[in-house]
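>>> Let's see this in three dimensions:
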Amino acid sequence: MSTPRLSSAFELKLAIGRWLHLAWLLRSRHFRRNLKACGLSPRELMRSMSHSVRYLRQCERRRDPYPVVVVDGFLDGRMMTLVSQSFPGSDDMEDMPVERTRNAMARRNRKLFRLNPESLAGLPVDRAAFWAVFSAFIDLLSQEMMHALPDPDPDLRVESFQSGFKVRKDLWMDRGGFQISPHTDGVQKYATFLLYCSGHPSLEQEGTSVFVPKEDGFRSWNGKQYKFDDFDEAFRAPYRQKVVFVFRKTDHSFHGKYPGETTVEARRQGFSRGLSVPARRRRHRWPDCRVRPRCGAAGCTWPPVHCD
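Numbering: from 1, shown residues only. Have a look, this model is predicted:
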């Protein structure tokens, strides 16, 4: 089910904020140096941003079973080429840490690269410069992506959108045996944005699945994983280059990944690659979660111990 587009006045407001943010970035000598190091001009960056905004505003939006957006063609050719060329190798990545997931299958078959200064310092200068620019690129589009999501049905439990959200950006690779059973994500998330980066044709059916519980009225807020047999697949996002899969965290946002159906050889040639952007609030309540934050600073609620 599609939902109406944003009003023209609101789109204009988003556009003004985005261009002011970009103008502020371009005044930074460090940012301009990163642009030059990765071979991007300010004009190319602006063209890529306009392309992504246009595709975000033209995409189909779903409210059923929960707010979902699938954007085919999110990046233009220039930006997608740089993503592919700059993507870290498996040796540059770490195994999924236990604080990110309790799923042993995910820890064994998924590799993670955190887009932060410490991780970027280990990459060649041109690749590190590109990911610093791309991180800013996602920040420029984050409000647009948030507002592309339709409003959830009134009976769904959600976190209200507030200022003070933190955007976490990760790169990851999945081996052929990767799977994750239906879950709604941890309580700390507001929304998730996945950018599929692999162009291998055998991975077309390896996208994220949206699930509906067979039991009427079943809900989950704490991110626990459930058996595939207890759910029906509503639809599956196509795993293609430039596809973005966006969904809002609710107590009904069940999603997951079926076990890989491709051969081991195909997976080795075309690892699943993605950019995960979970939006998190810096401060949040823990209404149903018995897990406490690990930070000992007075009044600090970041980071949470709760696993995805």
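>>> separation between residue 18 and residue 70?
In this view, residue 18 and residue 70 are 22 Å apart by Cβ to Cβ, to the nearest Å. Where you see a C-beta, it was placed from the backbone N, CA and C, and this is true even at glycine.
>>> and those two? which has more neighbours close in?
residue 70 (22 against 19; other Cβ atoms under 10 Å).
>>> buried sites along stretch 200-212?
Within stretch 200-212, the residues that count as buried by 16 or more other Cβ atoms under 10 Å are 200, 202-203, 206-212.
>>> so where is the protein shaky, pLDDT-wise?
Scanning the chain for pLDDT under 70 picks out 1-7, 101, 105, 160-165, 260-308.
>>> can you map out the helices along it?
8-26, 29-37, 42-58, 77-86, 104-109, 117-120, 125-148, 264-269 (DSSP state H).
>>> Which of those sits closest to residue 183?
Closest approach to residue 183 among the helices of the chain (Cβ to Cβ): helix 104-109, 10.8 Å.
>>> what sits up against that closest one?
Helix 104-109 is contacted by residues 95-98, 101, 174-180 when judged by Cβ atoms under 8 Å, 6 or more residues apart in numbering.
>>> Recalculate using a threshold of 6 Å.
Residues outside helix 104-109 that contact it (Cβ atoms under 6 Å, 6 or more residues apart in numbering): 96, 175, 177-180.
>>> Restricted to buried residues, select the residues you listed in ChimeraX.
Remark: buried members of those, expressed as a ChimeraX selection using 16+ other Cβ under 10 Å:
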select :96,175,178,180
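>>> Make TSV out of the contacts of helix 104-109 and add distance to residue 131.
Putting those into TSV (distance: Cβ to Cβ, whole Å) gives the following:
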residue	distance to residue 131
96	19
175	22
177	27
178	23
179	28
180	25
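>>> just curious, which of the contacts of helix 104-109 is nearest to residue 239?
Using Cβ to Cβ, the contacts of helix 104-109 come closest to residue 239 at residue 178, 11.9 Å.
>>> residues contacting that closest one?
By Cβ under 6 Å, 6+ apart, the contact list for residue 178 reads 109-110.
>>> The residue nearest to residue 90 when sequence neighbours are not counted: neighbouring residues, count only.
Nearest non-adjacent residue to residue 90, counting by Cβ to Cβ, 6 or more residues apart in numbering: residue 111, 5.4 Å away. For residue 111, the neighbour count with other Cβ under 10 Å is 22.
>>> what does residue 28 give?
12.
>>> What separation is there between it and residue 21?
Residue 28 is 11 Å from residue 21, by Cβ to Cβ.
>>> ditto for residue 65
On the measure of Cβ to Cβ, residue 65 and residue 21 end up 34 Å apart.
>>> Which one's more surrounded, these two?
residue 65 (19 against 15).
>>> Please name the spatially closest residue to the more buried one (chain neighbours excluded).
Using Cβ to Cβ, 6+ apart and skipping the chain neighbours, the partner closest in space to residue 65 is residue 212 (5.1 Å).
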